[in-house]
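In: model this:
(2 chains)
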Amino acid sequence: MGLAGAKNKRRLGNDPNNNRWSRNTESFGQKMLRSQGWEPGQYLGAKDAGHAENYGAASASHIQVVLKDDTLGLGAKRNNGDECTGLFDFQHLLGRLNGKSEEALESELKKREDMKLNSYLERRLGTIRFVRGGWLVGDVLKEEPQEAADKPEVNGAPESSRESTEESAETEPSEPPSKKRKAEQDTDKDEEKARKKEKKSRKRITESDAETDSADSKERKKNKKSKKRKVDSVESDAEPTKSKKSSKREKKKEYSVEEVDTSAEDAKKTKKDKKKDKKDKREKKEKKEKKKKDKSASDSDVETGDSSSKEKKRRKEESATPAAESGVSTPTGSGYSTPVTTTSRYLARSRFIAQKKMAFTDSTALNQIFMIKS
Amino acid sequence: MADQKGTKRSSVESDAQDSKRIKTDDKYNPYLAHLNMDGANDDFKSPLDEMERHNTTALQAAKAEDSDTNPWTGKPHSENYFKILKTRRDLPVSKQRAEFLELYHKTQILVFVGETGSGKTTQIPQYVLYDELPHQTGKLIACTQPRRVAAMSVAQRVANELDVELGQEVGYSIRFENRTGPKTLLKYMTDGQLLRESMHDPNMSRYSCIILDEAHERTLATDILMALLKEIAHRRKDLKIIVMSATLDAQKFQSYFSLRKEDPPAPLLAVPGRTHPVEIFYTPEPERDYVEAAVRTVLQIHAVEPEGDILLFLTGEEEIEDACRRIGLEVDDMVRESDAGPLAIYPLYGTLPPHQQQKIFDKAPEPFRKGGRPGRKCIVATNIAETSLTIDGIVYVVDPGFSKQKIYNPRSRVESLLVSPISKASAQQRAGRAGRTRPGKCFRLYTEKAFKKELIEQTYPEILRSNLSNTILELKKLGVEDLVHFDFMDPPAPETMMRALEELNYLACLDDDGGLTKLGSLASEFPLDPALAVMLISSPEFYCSNEILSITSLLSVPQIWIRPNNNRKRADEMKAQFAHPDGDHLTLLNAYHAYKGAEQNGEDVKKWCHEHFLSYRHLSSADNVRAQLKRIMETHEIELVSTPFNNKEYYTNIRRALLAGFFMQVAMRESSNSKIYKTVKDDQMVMIHPSTVVSSPYDWVVYNEFVLTTKQYIRTVTNVRPEWLLEIAPVYYDVDTFEKGEIKSALTRLTEKVKRRQAMKGGH
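Out: Modelled structure (predicted):
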């Protein structure tokens, strides 16, 4: 955080680690240990103990602690996400000034725009998403336990699970309803077939999923083309050349459930349909926006984020469509999983920011400001 | 078997103590002939008599269990017994009884792995009981537990299962309470208690089998016990040892318990783990605010997931109460505006009163109307729900990946209690809680990457996180001379050991050659930290051992002050009534005296405590501790004296006596009017904890604890005069040993002043 960040001032003594004490070879403790045959740098414990290989670093020196006085989640960086207003929009320009290639700039722009859209979605629909991490059977983590394979997984919605069992009867009876996973597991099978089925299943789940998976409802509004895009991306996943890591990651299905918020909008199930309409309208708008912007593949997609560069390249060549959508409900935006709630207190401010951003997105205006001849 | 009339009294009851007589058969005893009059059938032998020690089979044991007469008491089994027996036979361990016995006969040390809830804690000791037949040898079976509550409740449970009275055949022994009798065959105890016993019985000769339960928790006492038992196992080939763990690191135990290096690892018996798989979910991105995310996840689960209770792990009392409140508000909204089911929310943390802790076992609420959405309960807990407690019905676990851990830093001698990431093992353990009743789900509020990269493999065992001065004193008392090569499973950092030795040396518990002094030996008799013990032992010199005894007991129980969030002001006002301007120690004493006064006046003490924002539970347990300590003092002939209350030296004496134990925990104010103090010798910058009542702090204070929470604080503080330091602990306050600085110059000035004064006195 820059100058505007919260100041956290702490006074430290001259010797906060008390090195003076630890270096003092004359202390009683050190004398005692030495007299019993200990040398600095050695572990304590039995002479050539069989279990000595199990000793950890904490047996050599005391455990270091980090003072944590916030509620930042595990793995989150303090700075992540709350970017300064507007700076975002300068990136393109600054990049050009720094002499980045046009191509790189373009892809960066795409990434940012996806992020923006995603964070917008996130704010509006506010869901917490989870990715599958396998099953813990006994003490061992497994990708899939045999007996659990036919258990409902998506939101536990009975309908979707029934659907899936019907469907998977055609191919693999033990398949979970996870469409994505299925597509992947079919890797070696006929690609064409897989593609078709994928398409079919997509459609079906969007229609059947009563839980109104926000992502799915979004999907429904997507035109056929976008669906095809998805299939492309899936297909690319199904490529046997893909690295093991990426395949494993992709196997994990997005888990997305509707966030129940205080707002009546989300909480009331009975109003679902009405709500959907509203959402659709919103999404139409977004789509328009998106169409303008999304042209090429972007790697902002969480799922494919760390797949091998080779694959990325390949995909870029193959599909001129964004793979971002294959992440379905994974807006990657803010870099956090829990969206920030827009409470009324922020509304005015966010409107203001939006206006400012609008100005910034107008490239001609920007160019004028910076006196750049385009 | 059913028609067997086991009227013959088992030899257990009458002869448990006298091992010589055990084999005599009551049949030939004319005085007991009436017991054998029932000649209707010849099969009146106790089924135990047919069993040969260390050669029994599961079948025989089952037969004994099925008999109408209790083989341990000779009384007929109650109806309830058979009911319990049936459920016992359904436990996962039950299927492996034969396998267990086979391994048990073959080896001296056995590692047993079974999930919490597999029944190992209650069943294995009973299996051993039916094999060891302790009434024949007169040697007991001990089963250790890390927690007092567990020891008590498990003992009660097992007493019920065996259809005996608690405190008779089955008993327990914990730090300040002993419920065992001469008939006791099976004894549950805290690991610390067994360690204390071993100080007087280094071979543990009272026991034929020792079971270390919950060894995976790696408490300090368990770690020391394991090392001791490993040693004893060489000397006593007849002693059997079972190490029971609930987690994956069984290998570590196995390799540790191969007695010699060339030996194969100790054999392992595992009861197949949980019956149901748990599906793990990660977030795709890190969380900005884990509490917020946790609250939302809970609500989300409540809204869309099928029936099943929720367990949420958070770090501390405040966070838990806050989360409970937030979830409660949101759920109210949810219920009002949609047909969501009811959600009962229960907090769970260590300092919660027991009756509130019990609530977590309540059934989930009923749906609002018939056929409505099912209700569920949500338990928001610290990591005590991770291993020690089994709550049925949990299907969803929400794990933000943090817990609070106590970690001791030997350099600055600060004990930190900070929120830190959990370990992988701990995360798996938490997830496992979801699969107890049916397949469950665990929602981890971090990414898979974070799980793999940011979490350590295992939680640090307590021995690596604690101040070891008490442990070292115990080891010395146990006769361990070579501390450097003591066979720790995880040896502590050398600096921690050094610090402990140094502290004990300054306290005069160890002489300059490292030998245990008389004072040290006496101090080890007290189940207290050495500083407290030394303070208590030397208190008669200051004519205030009664008062110091009370203060010591109050310092050995959790905080007695209650400060509820919604009534802080009132609580502070009440505390101010007891406040002594010179220190928190004295304030504690005042509160205790007031409590005893109320008790003597015949007031309703509970009510009185409630009105005065004091914890009745902790005060009464302090009272109990005081009685125990008093007994120890009496056995060691430590005088109990008091300065008359109207003597103006009354409080001064107490303050001076505090220094006798705590002279190493003194801080000096940096400059007048500064809030910052510096600890003596270690030069750590500290502040006085806001909970203090000291209104006008002196330049020098003695403190009970040095903790690092959000800042470095010293807590429970009392004003002292620097002259006392020179007088009471001249060795520690030898000016020459101090590093140049404010403290040194202050002490130098002081010494000169004292010298001058003495010279003046001498001149007169």
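In: how about the secondary structure of the closest residue to chain A within the stretch 351-500 of chain B?
Out: Residue of the stretch 351-500 of chain B nearest chain A, by Cβ to the nearest Cβ: residue B:498 (2.7 Å). Using the backbone N, CA and C atoms, a C-beta is placed for each residue, glycine as well. The three-state label given to residue B:498 by DSSP: H, G, I helix; E, B strand; the rest coil is helix.
In: so it is in contact with residue A:36, correct?
Out: No - counting by Cβ atoms under 8 Å, residue B:498 sits too far from residue A:36 to count as a contact (11.7 Å).
In: neighbour-wise, which of those two wins?
Out: Higher neighbour count among residue B:498 and residue A:36: residue B:498, with 24 against 14, using other Cβ atoms under 10 Å in any protein chain shown.
In: hang on, isn't residue B:380 packed against residue B:314?
Out: Yes - under the criterion of Cβ under 8 Å, residue B:380 makes contact with residue B:314 at 6.0 Å.
In: mind checking which of the two has more residues around it?
Out: residue B:314 (30 against 27).
In: spatially, what comes nearest to that one if we skip its sequence neighbours?
Out: Spatial nearest neighbour of residue B:314, excluding adjacent residues (Cβ to Cβ, 6 or more residues apart in numbering or on different chains): residue B:320 at 5.0 Å.
In: same check on residue B:198?
Out: The spatially closest residue to residue B:198, leaving aside those adjacent along the chain, is residue B:204, at 5.8 Å (Cβ to Cβ, 6+ apart).
In: phi, psi of the one you found?
Out: Torsion angles at residue B:204 (phi, psi; degrees, to the nearest 10) stand at phi 50, psi 40.
In: let me know the pLDDT of it.
Out: Note on residue B:204: pLDDT of 92.
In: next, count neighbours for it.
Out: Residue B:204: 22 neighbours (other Cβ under 10 Å).
In: got the CA positions of stretch B:390-407 in CSV?
Out: The C-alpha coordinates for stretch B:390-407 follow below in CSV (Å, rounded to 0.1, in the frame of the first residue of the first chain):
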residue,chain,number,x,y,z
THR,B,390,-16.6,-35.7,18.8
ILE,B,391,-19.8,-34.1,17.7
ASP,B,392,-22.1,-36.2,15.7
GLY,B,393,-24.1,-34.9,12.9
ILE,B,394,-21.5,-32.6,11.5
VAL,B,395,-21.6,-32.8,7.7
TYR,B,396,-20.1,-29.5,6.7
VAL,B,397,-16.8,-28.1,7.9
VAL,B,398,-15.6,-24.6,7.2
ASP,B,399,-11.9,-24.1,7.7
PRO,B,400,-10.3,-20.7,7.3
GLY,B,401,-6.9,-22.3,8.0
PHE,B,402,-5.9,-20.4,11.1
SER,B,403,-5.6,-21.2,14.8
LYS,B,404,-4.0,-19.5,17.8
GLN,B,405,-0.8,-21.0,19.0
LYS,B,406,1.3,-20.4,22.1
ILE,B,407,4.9,-20.1,21.2
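In: tell me how far it is from the chain's mean position?
Out: Offset of stretch B:390-407 from its chain centre (Cα atoms, centre = their mean, to the nearest Å): 19 Å.
In: helix, strand or coil for the residue of the stretch 51-200 of chain A found nearest chain B?
Out: Among the residues of the stretch 51-200 of chain A, residue A:73 lies closest to chain B, at 2.8 Å counting by Cβ to the nearest Cβ. Secondary structure, three-state DSSP: residue A:73 is coil.
In: and residue A:37, by the same measure?
Out: Here residue A:37 is recorded as coil under three-state DSSP.
In: for it, give its distance to chain B.
Out: Counting by Cβ to the nearest Cβ, to the nearest Å, the gap from residue A:37 to chain B is 6 Å.
In: much appreciated, bye for now.
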